[in-house]
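Peer 1: below is the sequence, then the predicted model.
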Amino acid sequence: MSVYMITYDLNRPGQNYSRLYEEINKIARNDAIHPLKSVWFIVYPGTAKDIYTYLQSFIDKNDEMIVCQMTKDYSGWVKDESVVDWLKARI
């Protein structure tokens, strides 16, 4: 299993995020964390393309999404230290 980062811009005003959030949790089998407004980290056994292919049906054609596999070489800062703990435990 790998950890993937999903990041997106939902460009239509008034976009409903709840369905996308449900589907991200579904594909991750609830092993996911949502540290920033448009960023998720999930555990998934397949590929980044598999994730994108599945999730693209839950976003509009004018929305944007990038899915990439995480490695131990990452850097950043978030207020919630549980995010770093979550990543360390899974990568």
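Peer 2: Perfect, I can see it now.
Peer 1: now the residue sitting furthest away from the middle of the chain: how far from residue 66?
Peer 2: Relative to the average C-alpha location in the chain, and by C-alpha atoms, centre = their mean, no residue lies farther out than residue 13, which sits at 20.9 Å. According to C-beta to C-beta, to the nearest Å, residue 13 and residue 66 sit 22 Å apart. Where C-beta positions appear, they are placed from N, C-alpha and C, glycine not excepted.
Peer 1: list the buried ones in the top strand by length along the chain?
Peer 2: When every strand of the chain is counted residue by residue (DSSP state E), the longest turns out to be strand 2-9. Of the residues in strand 2-9, those buried by neighbour count under the rule 16 or more other C-beta atoms under 10 Å are 3, 4, 5, 6, 8.
Peer 1: tabulate these (CSV), appending distance to residue 30 and pLDDT.
Peer 2: As requested, those are exported to CSV (distance: C-beta to C-beta, whole Å; pLDDT from 0 to 100):
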residue, distance to residue 30, pLDDT
3, 14, 98
4, 15, 98
5, 17, 98
6, 15, 98
8, 19, 95
